[in-house]
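Asker: based on what follows, work out the 3D shape:
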Amino acid sequence: MQSRQKIAIIVAGGAGLRMGSDIPKQFLHLHGKPVIHHTLQAFLSAYDDMQVILVCPSAHQVIAQEIVAGLSKPSAVKVIQGGETRFHSVKNGLQEVTAPSVVFVHDGVRPLVSTELIQTCYEAAIAHGSAIPAIPMKDSIREVQGEHNKAVDRECYKIIQTPQTFLSEIILPAFDHPYDPLFTDEATVAEKNGHPVHLVAGEEANIKITKPLDLIIATALMQ
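Answerer: Numbering: from 1, shown residues only. I've put the predicted structure just below:
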């Protein structure tokens, strides 16, 4: 296969409402640095030739640039404006992809993603066209429909993580579709365009920081 760029689109558009904070969760401090710093650095450290697109609201552009300046390779990171929804933010990021690439799309508030998972996703995307990290469900689950509910087999379900990783020729045309509220992640967009997605083993530590307890857990994991 011809040489491919590696491009990580980091989506950082959260407002921090569930954190009960005036500061967006991606800018809260974790182990002495903003959450988003750890996320960006994880991708820069995974591959020497990684290019990163940080997508965030216009109101956060200045602080984002300040954080980027403190990274190991600030020149490899470009900050662009986000959109109305995650779909539109990712679509803005994809406009920066102009050559055959492996494209990672990652939540800005998953700062504990490992080098191993990033590299696993890259290799699986090369082999299968896509790589979606997933972990097993531990708890019992029930399907609820109105006033009725029933137990379902948790072995038939997985918890989906990021980075959701694709060959550019799969993910770029998929995002030509009009926005649909059912597009909860990039995998659903790819599936809508006729591409089944390939699951890889995710990581328990690759948590998404959305609530105060998540920040406590992330701090403990980093220590």
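
Asker: rest of the way, CA atoms for contacts and neighbours
Answerer: Fine.

Asker: show me what the host helix or strand of Leu40 is packed up against.
Answerer: Taking DSSP states H and E as the criterion, Leu40 maps to helix 35-46. If you count contacts as 3 or more CA pairs under 8 Å, 6 or more residues apart in numbering; DSSP states H and E, helix 35-46 packs onto strand 50-56, helix 115-128.

Asker: residue ranges with poor pLDDT in this protein?
Answerer: 1-3, 14-22 (pLDDT under 70).

Asker: hmm, 80 instead?
Answerer: Counting by pLDDT under 80, the chain shows low-confidence ranges at 1-3, 13-23.

Asker: any idea how far Ile126 is from Ala174?
Answerer: Distance of Ile126 to Ala174, given as CA to CA, to the nearest Å: 18 Å.

Asker: who's more crowded, those two?
Answerer: Higher neighbour count among Ile126 and Ala174: Ala174, with 21 against 18, using other CA atoms under 10 Å.

Asker: test my guess that that one contacts Ala190.
Answerer: Yes - using CA atoms under 8 Å, Ala174 makes contact with Ala190 at a distance of 5.4 Å.

Asker: can you tell me the centre-most residue of this structure?
Answerer: When CA atoms, centre = their mean is applied to the chain, the residue found nearest the centroid is His106 (1.6 Å).

Asker: contacting residues around it?
Answerer: His106 makes contacts with 8-11, 162-164, as judged by CA atoms under 8 Å, 6 or more residues apart in numbering.

Asker: sheet partners, orientation included, of whichever helix or strand it is part of?
Answerer: According to DSSP H and E, His106 maps onto strand 101-107. Strand pairing for strand 101-107, determined by DSSP bridges: strand 5-11 (parallel), strand 164-167 (antiparallel).

Asker: now render the helices and strands packed on helix 35-46 as CSV, adding distance to Met222.
Answerer: Listed next are those as CSV, based on distance: least, CA to CA, whole Å:
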stretch, distance to Met222
strand 50-56, 23
helix 115-128, 14
